[in-house]
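Engineer: just a sequence and a predicted model for now, questions to come.
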Amino acid sequence: MTTIRFTPEETAAWYASVPKVALSASALLRDEQGRIALVRNTYRDGWSLPGGVVDDNEAPAMAAVREVHEEIGHAVDGPATLLVVQWAGRGLGPVQFLNFTFDVGRVADPARLVPQEEEIAEIAFFAPDALPQGLRPFMRHRMDAIIGGGFQGVAYIEENETF
């Protein structure tokens, strides 16, 4: 059997040729009544789960934990449990998006949450059966999968809309 070895240049060229995928992570945080924390961003319309882009060499679960802390000041004290994997084939330019949504537990005192002013205009909690108008379609699909799955298990969703 012959082993083929690639030069560093060939390896770099191969990596440059494969499709680009941006990773993002979202955090499902609920209060003691089971209401879901949603944020309204300063840079786009509508409500969404706290979350953002996964940093270089960062695991998606750690990104969800980091983002919920950065965006609304909540320190997650337990494991993050995967709920949804959502793929979007049309992103910004040639980039595909892959989102991982994690359940990060509950917050005892929602009044102590503090929005990061640069990114978050508002934080509010909504009952699962009374989510606000203005969820973008990809977020509505994500929330439907989470709520329809009873807040457990893993759902996989394919979208044709950018996150």
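Structural biologist: Happy to help now that I have it.
Engineer: check which helix or strand the most centrally placed residue in the chain maps to.
Structural biologist: For the chain, the residue sitting closest to the mean C-alpha position, by C-alpha atoms, centre = their mean, is S26 at 2.3 Å. Using DSSP states H and E, S26 sits in strand 21-31.
Engineer: against E58, how distant is the residue nearest to the centre of the chain?
Structural biologist: Here S26 is placed at a distance of 14 Å from E58 (C-beta to C-beta, to the nearest Å). C-beta here means a position set from N, CA and C on the backbone, and glycine is covered the same way.
Engineer: same check, this time on M139
Structural biologist: Distance from M139 to E58, by C-beta to C-beta: 22 Å.
Engineer: before we move on, what about G73?
Structural biologist: G73 is 20 Å from E58, by C-beta to C-beta.
Engineer: comparing M139 and E58, which shows the higher neighbour count?
Structural biologist: M139 (21 against 13; other C-beta atoms under 10 Å).
Engineer: looking at it, the more buried one is touching G46, isn't it?
Structural biologist: Yes: in terms of C-beta atoms under 8 Å, M139 counts as a neighbour of G46; the distance is 7.1 Å.
Engineer: pull the distance from stretch 89-109 to the chain's centre.
Structural biologist: 2 Å (C-alpha atoms, centre = their mean, to the nearest Å).
Engineer: start and end of it, how far apart?
Structural biologist: Terminal residues of stretch 89-109 lie 38 Å apart, using C-alpha to C-alpha, to the nearest Å.
Engineer: ok, stretch 126-144 next?
Structural biologist: First-to-last residue span, stretch 126-144, C-alpha to C-alpha: 14 Å.
Engineer: please identify the buried residues of it?
Structural biologist: 131, 135-136, 138-139, 141-143 (16 or more other C-beta atoms under 10 Å).
Engineer: ok, now stretch 17-28?
Structural biologist: 22-28.
Engineer: flag whichever of those residues scores worst on pLDDT.
Structural biologist: On pLDDT alone, A22 ranks lowest of the buried residues of stretch 17-28, at 90.
Engineer: contacting residues for that one?
Structural biologist: The contact partners of A22, by C-beta atoms under 8 Å, 6 or more residues apart in numbering, come to 53, 91, 95-98.
Engineer: adding pLDDT and distance to N41, write the residues you listed out as CSV.
Structural biologist: Listed next are these as CSV, based on pLDDT from 0 to 100; distance: C-beta to C-beta, whole Å:
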residue, pLDDT, distance to N41
V53, 96, 13
G91, 60, 17
V95, 81, 19
Q96, 85, 22
F97, 89, 16
L98, 93, 20
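Engineer: pick out the most distant pair among the residues you listed.
Structural biologist: V53 and Q96 (13.4 Å; C-beta to C-beta).
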